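Participant: the following block contains a protein sequence and its predicted model.
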Amino acid sequence: NHYAYDPTQTLLIINGDGAGWITACREYFRERAFFTMDRFHVARSMKQLMKNHPRYRYMKRALRNYQVDSLFLELNSAIGTMDTPEEEEKLAHFLAFLTHHQETIKDYRSWLQEKGVDTAAYRPMGSAEAMMNQLAKRLKNGRAWSKKGV
């Protein structure tokens, strides 16, 4: 009631890591929700795999700027250039994962704009992990917030 949430009308943004239970939300909410891949997870996986690749900084830039086509172009161009067969296999798995979730790499604000929502004051979807860590520290460790701290 406080947020005037109506599950048949309210548009939702679901930020997650691609886990099955999170992506199942897409099935449940259908056109009322936009699922976006948490940038922390994509960036971390890409860094672990590609940090020594000469095109890594272009990959990072494409991800940061929501340039999905450029990101896939850069990642696909890295096929056959990895140092070991194991890295090639990891790249293939990473590309398959991202391809399966390709629509989730886009900026959620463009989806909202298509729905007629003014997103001028909206910020880019950042990493949810950092905020969740703060919440977990405060809630799980018996800490509380002052009104100012909230």
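Facilitator: Received, thanks.

Participant: residue ranges for the strands of the chain, please.
Facilitator: Secondary structure of the chain, counting by DSSP state E: strands at 12-16, 33-37.

Participant: which of those sits most buried?
Facilitator: Greatest average neighbour count among those goes to strand 33-37 (a mean of 21), per mean count of other CB atoms under 10 Å. (Each C-beta comes from the backbone N, C-alpha and C, glycine too.)

Participant: out of the strands of the chain, nearest to residue 69?
Facilitator: Residue 69 sits nearest to strand 33-37 of all these, at 15.9 Å, using CB to CB.

Participant: tilt between the closest one and strand 12-16?
Facilitator: 20 degrees (axes from the mean of the first three to the mean of the last three CA atoms, to 10 degrees).

Participant: can I get the CA coordinates of strand 33-37 in PDB?
Facilitator: The C-alpha coordinates for strand 33-37 follow below in PDB (Å, rounded to 0.1, in the frame of the first residue of the first chain):
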ATOM      1  CA  ALA A  33       9.100  -6.700 -16.000                       C
ATOM      2  CA  PHE A  34      12.500  -6.100 -17.600                       C
ATOM      3  CA  PHE A  35      15.200  -8.500 -16.500                       C
ATOM      4  CA  THR A  36      18.700  -7.000 -16.500                       C
ATOM      5  CA  MET A  37      21.900  -8.800 -15.900                       C
END
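
Participant: which outside residues touch that strand?
Facilitator: 11-18, 22-23, 25-26, 101, 104-106, 108, 111-112, 125 (CB atoms under 8 Å, 6 or more residues apart in numbering).

Participant: tell me where this protein has helices.
Facilitator: In the chain, the segments counted as helices under DSSP state H are 20-29, 39-50, 56-64, 68-77, 85-100, 108-114, 128-140.

Participant: for the second one, buried residues please.
Facilitator: Applying a neighbour-count criterion of 16 or more other CB atoms under 10 Å, one finds 39-42, 45-46, 49-50 buried in helix 39-50.

Participant: so what secondary structure elements neighbour it?
Facilitator: Judged by 3 or more CB pairs under 8 Å, 6 or more residues apart in numbering; DSSP states H and E, the packing partners of helix 39-50 are helix 56-64, helix 85-100, helix 128-140.

Participant: mind running it again at 10 Å?
Facilitator: strand 12-16, helix 56-64, helix 68-77, helix 85-100, helix 128-140 (3 or more CB pairs under 10 Å, 6 or more residues apart in numbering; DSSP states H and E).
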